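>>> Fold the following.
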Amino acid sequence: MFEGKVAVVTGGARGIGRAAVETLAAGGAKVLISDLDADAAKAASEAIAGETATHAGNLCDEGEPDALIQAAIDEWGKLDIVVNNAGYITDGPLHKLSDQDFQDMIDIHTVVPFRVLRAAAPHLREPAKREKAEGTEVFRKVVNVTSMAAYGNAGQANYSAAKSGVIGLTKTLAKEWGPFKVNVNAVAFGLVDTRLTQAKTKDSVIAIGDKEVHVGVPEQLRSMMSSLVPLGRSATPEEAAGGIAFLCSPWSDHVTGQVLNVGGGLPLGMTA
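The predicted model follows:
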């Protein structure tokens, strides 16, 4: 399905991102795995069947999104698919969030996809101009990962605001890039089994740049969230990646500007 395509997946070393890389590579795509953790990216690249390369760096750093896209061009000479998946969470009620807590979520979830897509623009748009002159259609794909928290979720004002921004970015870019045959869509996840949603303990800490971030969900809250899912459980990363794969595939050639909810029927998404 993805034979001959070149894809970039941010946050591609673990969880949903890694499952997306595996699916794209299994379908024949050449995939650049971008991750903050160089060792994890290398390990994923070595373990995944298919042609992959890696890029390690903090995409919040100035110039890093441009370096990411250039790495794909240097490696394979073109770009067909961009999956903006990198991210993390810092939760808390609004009155306890600091300015930095809020800004951090805007930076990684909204500003980074903007910068990645701005860097990718020439490589997605210019080939389409030539193809139009030749009378051919080639569809290229952008998939932005958002969350059902974008529709509002207590304790996640910063994350919800950032993920809502992704939806606005997606719908606007779908209009701007539609004439260039670029499908721009988003996938909104509910509860997915990753290290960010594992049962929270005092040791549930990940390093983001020079700071440590506590991740995970209290077990009582996890159980409550699972009980709200009509399908009765959280999604596996592979199930989540299925939504991404659909939006990257030829099956979505006439789908753009949409948000695909992948949450097992979670009411938050069903009523949005």
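>>> who touches stretch 121-135?
69, 73, 78-79, 82, 137-138, 140, 142, 177, 179-182 (Cβ atoms under 8 Å, 6 or more residues apart in numbering). C-beta: built from backbone N, CA, C; applies to glycine.
>>> got a winner among those for most neighbours?
Among those, Val82 has the most neighbours (other Cβ atoms under 10 Å), with 30 neighbours.
>>> For the strand or helix carrying Val143, what does the pLDDT average out to?
Element membership for Val143, per DSSP states H and E: strand 140-147. Averaging pLDDT along strand 140-147 gives 97.
>>> still on that earlier bit, for the contacts of stretch 121-135, which one is nearest Leu247?
Nearest to Leu247 among those: Val142, at 8.6 Å, using Cβ to Cβ.
>>> That closest one: what's it in contact with?
81-82, 84, 117, 120, 124, 170, 173, 177, 182-185.
>>> Restricted to strands, list the residues you listed.
Counting by DSSP state E, the part of the contacts of Val142 found in strands is 81-82, 84, 182-185.
>>> could these go into CSV alongside pLDDT and distance to Gly232?
Listed next are the ones in strands among the contacts of Val142 as CSV, based on pLDDT from 0 to 100; distance: Cβ to Cβ, whole Å:
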residue, pLDDT, distance to Gly232
Ile81, 98, 32
Val82, 99, 33
Asn84, 98, 30
Val182, 98, 37
Asn183, 98, 32
Val184, 98, 32
Asn185, 98, 27
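>>> Could you dump those residues into JSON lines and include distance to Cys248?
Below are the ones in strands among the contacts of Val142 laid out as JSON lines (distance: Cβ to Cβ, whole Å):
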{"residue": "Ile81", "distance to Cys248": "5"}
{"residue": "Val82", "distance to Cys248": "9"}
{"residue": "Asn84", "distance to Cys248": "12"}
{"residue": "Val182", "distance to Cys248": "12"}
{"residue": "Asn183", "distance to Cys248": "9"}
{"residue": "Val184", "distance to Cys248": "12"}
{"residue": "Asn185", "distance to Cys248": "9"}
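>>> Convert the C-alpha atoms of stretch 116-126 to CSV, please.
What follows is stretch 116-126, C-alpha atoms only, in CSV (Å, rounded to 0.1, in the frame of the first residue of the first chain):
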residue,chain,number,x,y,z
VAL,A,116,7.5,20.6,10.7
LEU,A,117,4.8,21.3,8.1
ARG,A,118,6.3,24.6,7.2
ALA,A,119,9.6,22.9,6.6
ALA,A,120,7.9,20.1,4.6
ALA,A,121,5.8,22.6,2.5
PRO,A,122,8.2,22.9,-0.5
HIS,A,123,8.6,19.1,-0.7
LEU,A,124,4.9,18.5,-0.7
ARG,A,125,3.7,21.4,-2.8
GLU,A,126,6.3,21.8,-5.6
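>>> List the residues that contact the residue nearest the centre of the chain.
Closest to where the C-alpha atoms of the chain average out (Cα atoms, centre = their mean) is Asn85, at 1.8 Å. Asn85 makes contact with 9-12, 16-17, 20, 145, 244 under the criterion Cβ under 8 Å, 6+ apart.
>>> remind me which residues of the stretch 101-250 of the chain are low pLDDT?
195-206, 209, 213-224 (pLDDT under 70).
>>> can you do 90?
152-156, 190-234 (pLDDT under 90).
>>> which residues in it form strands?
140-147, 182-189, 205-208, 211-214 (DSSP state E, counting those that start in this stretch).
>>> any chance of those strands in JSON lines, plus distance to Cys60?
JSON lines is the format used below for these (distance: least, Cβ to Cβ, whole Å):
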{"stretch": "strand 140-147", "distance to Cys60": "16"}
{"stretch": "strand 182-189", "distance to Cys60": "20"}
{"stretch": "strand 205-208", "distance to Cys60": "9"}
{"stretch": "strand 211-214", "distance to Cys60": "12"}
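>>> among those, which is nearest Asn261?
Asn261 lies closest, by Cβ to Cβ, to one member of these: strand 182-189, at 5.0 Å.
>>> secondary structure class for Leu260?
Here Leu260 is recorded as strand under DSSP: H, G, I helix; E, B strand; the rest coil.
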